[in-house]
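S.K.: Quick one: sequence and predicted model below, then my questions.
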Amino acid sequence: MINGDGLDYLVGFLFFSISNISRMLQQFIGIPREIPYIAYIALLALFFLKYIRRIRFFDLMYYVVFGIIVAYGLMKYSSYIDSSTRVYAVVLLFLPTFLFFRVFDPEKLFKVFIASQYFASVYLLVYYVIDLRNQTGYSMDYAYWIVIPICTMFYLFLERGQARYLIFSGVMLVTLVLAGCRGALLLGIACIAYLYMARELQIRKTVGWYIKVFSVISVVTAAALAYTQILTFLSRYAQYSRTIYKLVRGNLLISSTRTVLYETLREFIKERPLGYGPLASRKLLVVDPYPHSFLYESLLDYGVVIGGIFFAAVIVMAIINLWRYRYSRFNIIIGYIEIIGIGSLMVSSSYFYEIYVPATIALFMIYGKVSENENLILYHRKKPAQDEPASPETEETGAETGIQAEVN
C-alpha cells in the first residue's frame with residue numbers, strides 16, 4: 001500500500017500537515033521535531049523517485065536557478081538566520097514545493113488538502129485552548145495557521161451546504177480574532193469572499209438567495225448600529241487581542257513598527273539599487289530577522305530591475321491563477337496559496353521560508369492538467385441554444401446552479 005496510492009496520499013497529507021504534526025508530537029509527547037521531519041524527507045524522496053519520469057527539462061532548469069540562489073544565500077548568511085527551523089523550511093518546503101505540485105495528481109491533491117485541514121482544525125483548536133490561552137492570548141503564528149482551515153471549512157459549507165461546517169468555521173474565526181493578528185484576519189475575509197463569489201456565480205438567484213442576502217445585510221447593519229457597544233464588550237473580554245485593541249482606537253490598519261522597518265529598507269535599496277544578494281537582508285537588518293515584505297525583500301536581494309521583474313511575474317501569475325481556477329474545486333487551494341499565502345508575504349514572513357512562490361509558479365504551469373481531469377472540471381455558464389430545449393441532464397445538473405460542465 002505504501003508503494004501505491006497510499007504513498008501519494010501520505011506524502012500529500014504530510015506536505016500540508018508536517019509542521020502541525022511535528023509541533024503536536026513535541027508539545028504533547030515530547031518527541032523532538034527533527035524526527036518527524038526526517039521520516040518526511042524519506043517519504044518525499046520515495047515519492048519523487050516514483051514520478052521521476054514526469055520530471056521535465058524545465059523542472060531541472062528551475063532547480064538549477066533556484067538551487068544556486070538558495071545555496072548561495074544559506075552558505076553566506078546562514079549564521080544570521082534566526083533558527084534551525086528556518087533551514088528546515090527551506091529544505092523541506094521551499095525547495096520541494098515546485099516539483100510536488102508539478103507531479104502530484106490533481107484529484108489526490110484536493111483530497112489530501114481537505115484531509116490536512118480537518119486535522120489542522122481539530123489540533124489548532126486544542127492548541128488554542130491548552131497552550132495559547134495559558135499565555136498572553138496573542139499569537140501571530142497561530143493566526144496564520146488557523147486562517148487556512150477557517151476558509152477550508154467555509155468552502156465545505158458552500159460545497160455541501162451543511163451548517164456544521166459554517167459553525168466550525170465561525171468558532172475558529174472567533175479564536176482568530178482573539179489571537180489578534182490583523183493581517184491574517186483580513187486575508188481570511190478576502191479568501192472567504194473569493195470562494196463565495198466563485199461559488200455564488202454558479203447559483204441561480206432564487207427567492208432563497210435574496211433572503212440570504214437580505215439576512216446578511218440586516219446582520220451587518222445591526223452590527224454597525226451597535227458598533228460602540230460591541231467594541232466595549234470585546235475590549236473588556238478580549239483585552240489581549242491586538243485586533244480588538246486597534247479597532248477600539250480606530251487605527252486597525254496602522255502599524256508603526258512596519259512603517260519604521262519599511263523606511264529602513266527603502267534606505268538600503270537607495271544605497272545599492274542593484275541589490276545585495278540572496279538572503280543578504282538577514283545580515284543588514286538588526287532588529288527584524290527578515291524584511292516582512294515580499295516586495296522589499298525582492299528589491300533588496302536582487303536589485304530594483306531583476307527583483308522588480310521577479311516580484312511582478314509572481315503577482316501576475318497569482319492573479320491569473322485566481323481567475324483560471326475560480327470555478328474549479330481547486331479554488332480553495334488557489335485561494336489559500338494566492339490570497340492568504342502571497343498576501344501574507346506582503347506584510348509578514350519571507351518567501352524563502354514558505355511554499356507560496358514556488359507553488360504559484362507550479363500551479364500556473366499545471367492548469368492544463370487540472371482542467372483535463374474529469375474529477376476537477378472547470379465550470380462556466382453555458383446557456384442552451386434558443387431553438388434547442390435544455391436536456392434532462394442539463395436540467396438535473398444545471399437547474400440549480402445555472403452551469404454545465406465542460407472538459408477543456
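M.R.: Noted; the coordinates are in hand. Numbers count the residues shown, from 1 in each chain.

S.K.: what about dumping the CA coordinates of stretch 334-354 to CSV?
M.R.: The C-alpha trace of stretch 334-354 is given here as CSV (Å, rounded to 0.1, in the frame of the first residue of the first chain):
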residue,chain,number,x,y,z
ILE,A,334,-5.7,28.6,-5.1
GLY,A,335,-7.4,30.9,-2.5
TYR,A,336,-5.1,29.6,0.2
ILE,A,337,-1.9,30.0,-1.7
GLU,A,338,-2.6,33.2,-3.7
ILE,A,339,-4.7,35.2,-1.3
ILE,A,340,-3.6,34.0,2.1
GLY,A,341,-0.1,33.0,1.1
ILE,A,342,1.1,35.7,-1.2
GLY,A,343,-0.9,38.2,0.8
SER,A,344,0.8,37.3,4.0
LEU,A,345,4.2,37.6,2.3
MET,A,346,3.4,41.2,1.5
VAL,A,347,3.3,42.1,5.2
SER,A,348,5.0,39.2,7.0
SER,A,349,7.4,36.2,6.8
SER,A,350,9.8,35.6,3.9
TYR,A,351,9.3,33.9,0.6
PHE,A,352,12.3,31.7,1.3
TYR,A,353,10.6,30.1,4.2
GLU,A,354,7.1,29.5,2.7
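
S.K.: which stretches of the stretch 1-150 of the chain form helices?
M.R.: Assigned by DSSP state H, counting those that start in this stretch, the helices in the stretch 1-150 of the chain fall at 5-28, 34-50, 57-77, 84-89, 95-103, 106-130, 140-160.

S.K.: swap that for the stretch 151-300 of the chain, please
M.R.: Going by DSSP H, counting those that start in this stretch, the stretch 151-300 of the chain shows helices at 163-179, 182-200, 207-225, 227-237, 242-249, 256-271, 281-284, 294-302.

S.K.: Pick out the shakiest of the helices of the stretch 1-150 of the chain, pLDDT-wise.
M.R.: Among the helices of the stretch 1-150 of the chain, helix 84-89 carries the lowest mean pLDDT, at a mean of 62.

S.K.: can you list the helices of the stretch 1-150 of the chain in TSV and add distance to residue 190 and mean neighbour count?
M.R.: To be clear about C-beta, it is placed using only N, CA and C from the backbone, and glycine gets the same treatment. Below are those laid out as TSV (distance: least, Cβ to Cβ, whole Å; neighbours: other Cβ atoms under 10 Å):
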stretch	distance to residue 190	mean neighbour count
helix 5-28	20	18
helix 34-50	31	15
helix 57-77	28	14
helix 84-89	24	16
helix 95-103	22	21
helix 106-130	18	18
helix 140-160	10	22
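
S.K.: TSV for the ones you listed, including distance to residue 300?
M.R.: Listed next are the helices of the stretch 1-150 of the chain as TSV, based on distance: least, Cβ to Cβ, whole Å:
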stretch	distance to residue 300
helix 5-28	26
helix 34-50	29
helix 57-77	12
helix 84-89	17
helix 95-103	21
helix 106-130	32
helix 140-160	22
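
S.K.: Which of these sits closest to residue 258?
M.R.: The closest approach between residue 258 and any of the helices of the stretch 1-150 of the chain, judged by Cβ to Cβ, belongs to helix 140-160 at 12.5 Å.

S.K.: Okay, now the unreliable bits of the stretch 201-350 of the chain?
M.R.: The model of the stretch 201-350 of the chain has pLDDT under 70 over residues 201-210, 212-213, 216, 219-220, 222-257.
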